[in-house]
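>>> just coords:
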């Protein structure tokens, strides 16, 4: 060993002793030895944040939740009784009345039948109204007969 070189500790105990005296500096690498890919970083999260703005669920309207509650009270039913009557879980009725549920037309129509009254349906706002376009679809060899969609009749 030359005079300019320091002695390198060979054992774990020697390394620990050198650390305590401040002769050896150790660095902790952030995220080292993790089970994560090095490439899945902030880029993915930024994309998720962008998408989340458009993907909002349609919630039950306040007017619908109030209507369900009033109709149920008028029939003197509990949430559980209404739920069992329409073969749904009591939580579903609770979600509809609190306005947390995603409106399902089948469940709403079941409630309408059981409660014996019309409930305000959530309208589909983004869909454009079809005006005057009805009945213009004609089959290829159908002789001008307006039929439903699908391929022309086989002859």
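Nice, I can see it. All of these numbers come straight from a predicted model, not from anything done at the bench.

>>> For this structure, which segments are assigned as helices?
With DSSP state H, the ranges of helices along the chain come out as 12-21, 42-52, 62-74, 79-85, 90-98, 105-115.

>>> What is the neighbour count of the residue nearest to residue 78 when sequence neighbours are not counted?
Nearest residue to residue 78 in three dimensions, chain neighbours excluded: residue 72, at 8.0 Å (Cβ to Cβ, 6 or more residues apart in numbering). Using the backbone N, CA and C atoms, a C-beta is placed for each residue, glycine as well. Neighbour count of residue 72, defined by other Cβ atoms under 10 Å: 19.

>>> ok, residue 72 to residue 65 distance?
Relative to residue 65, residue 72 is positioned 11 Å away (Cβ to Cβ, to the nearest Å).

>>> list the contacts for the closest residue to residue 84 other than its chain neighbours?
Of all residues not flanking residue 84 in the chain, residue 90 sits nearest, at 8.0 Å (Cβ to Cβ, 6+ apart). Counting by Cβ atoms under 8 Å, 6 or more residues apart in numbering, residue 90 touches 79-80, 83-84.

>>> Alright, that wraps it up for me.
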